[in-house]
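J.: sequence first, predicted model second:
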Amino acid sequence: MIAKALRDPRSVTRREATLLLALLVLACGAIAAAILASSSLQAMFSSIVHGHLGRLRTQLRHEGVWAVAAVAVLVLAHTVVPFPAELVTAAAGFALGFAVALPLLLALFLLSALIAYLVGSLAGRPAAERIVGRERAAAAERLVDRGGSRVLLAVRIFPLIPFSPVCLACGMAHVPVRRFAWTTVVGMLPELALVTLLGTRLDSSVLSDPVVWAAVAGILVLIIGGSRLLRTAVPAR
């Protein structure tokens, strides 16, 4: 049923849509319950809310093998709770290392994107507005409505555009799921790799580490280049 909803949301019956949305609500409830039941996850979430990257990276490293599960819960929570995902990305790079953290984060953020896409396609604009707010939902919908793959790539590459509103808007606009998935992966990969790499160097001397400066320069290039790409990709009206 999930595959059917992703492949052709318009073919899903009202009963199937209700069931899928109920399952998604239960999944969100399970994530919230996991955070509330675990003192360590509560502490990590508090660190994210207050922007304490140093504390978050230490908390994740102390989790050992459970750090992977903690990162998964935090990334999936980001589907409905807006916070700077870069904090989790950098901390995961520090705690898990680049080779483990990057593919893990890529898979988790894609899963998060598909969940938001499903909510947008099944529940439509009212649900999107409840999750991310009316203004963000409307702005994201206007962006998605004004172009194809090039626009979707530009939106993902530019780091300053919120993640979940775009996913919800793509679901509302019934963007083909394959196009949505590949543009999401390709578009978010550069920033994800740079921030993860930056996270692996958090225990080094920042001023003397060329890798840190290279990662920061890469992020600045994404911001400047992504802004220009977005202006050229989105047709004027």
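T.: Looks like it arrived, so ask away. Numbers count the residues shown, from 1 in each chain.

J.: check contacts around the nearest residue to residue 202 once chain neighbours are set aside.
T.: Of all residues not flanking residue 202 in the chain, residue 94 sits nearest, at 4.8 Å (C-beta to C-beta, 6 or more residues apart in numbering). To be clear about C-beta, it is placed using only N, CA and C from the backbone, and glycine gets the same treatment. By C-beta atoms under 8 Å, 6 or more residues apart in numbering, residue 94 lies in contact with 57, 60, 61, 199, 200, 202, 203.

J.: of those, buried ones?
T.: Among those, those classed as buried by 16 or more other C-beta atoms under 10 Å are 57, 60, 199, 200, 202.

J.: would JSON lines of the contacts of residue 94 with distance to residue 69, secondary structure and pLDDT be doable?
T.: As requested, the contacts of residue 94 are exported to JSON lines (distance: C-beta to C-beta, whole Å; DSSP: H, G, I helix; E, B strand; the rest coil; pLDDT from 0 to 100):
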{"residue": "57", "distance to residue 69": "16", "secondary structure": "helix", "pLDDT": "87"}
{"residue": "60", "distance to residue 69": "11", "secondary structure": "helix", "pLDDT": "90"}
{"residue": "61", "distance to residue 69": "14", "secondary structure": "helix", "pLDDT": "88"}
{"residue": "199", "distance to residue 69": "18", "secondary structure": "helix", "pLDDT": "90"}
{"residue": "200", "distance to residue 69": "20", "secondary structure": "helix", "pLDDT": "90"}
{"residue": "202", "distance to residue 69": "21", "secondary structure": "coil", "pLDDT": "76"}
{"residue": "203", "distance to residue 69": "23", "secondary structure": "coil", "pLDDT": "72"}
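
J.: which of these lies closest to residue 106?
T.: Sorting the contacts of residue 94 by distance to residue 106 puts residue 199 at the head of the list, at 14.3 Å, by C-beta to C-beta.

J.: so for residue 43, what's the pLDDT?
T.: pLDDT recorded at residue 43 is 91.

J.: how about the one 10 residues further on?
T.: Among the per-residue scores, residue 53 shows a pLDDT of 88.

J.: can you pull the contacts of the spatially closest residue to it that is not a sequence neighbour?
T.: Spatial nearest neighbour of residue 53, excluding adjacent residues (C-beta to C-beta, 6+ apart): residue 87 at 5.4 Å. With contacts defined as C-beta under 8 Å, 6+ apart, residue 87 is in contact with 47, 48, 51, 53, 56.

J.: do residue 226 as well
T.: By C-beta under 8 Å, 6+ apart, the contact set of residue 226 is 154, 157, 158, 159, 160.

J.: which parts of the helix ranked longest in the chain are buried?
T.: Criterion DSSP state H: the longest helix present in the chain is helix 98-123. Using 16+ other C-beta under 10 Å as the burial criterion, the residues of helix 98-123 that qualify are 98, 100-102, 104-106, 108-110, 112-123.

J.: by contact count, what packs against it?
T.: Applying 3 or more C-beta pairs under 8 Å, 6 or more residues apart in numbering; DSSP states H and E, we find helix 98-123 packed against helix 2-7, helix 14-37, helix 67-77, helix 85-96, helix 125-132, helix 163-172, helix 177-200.
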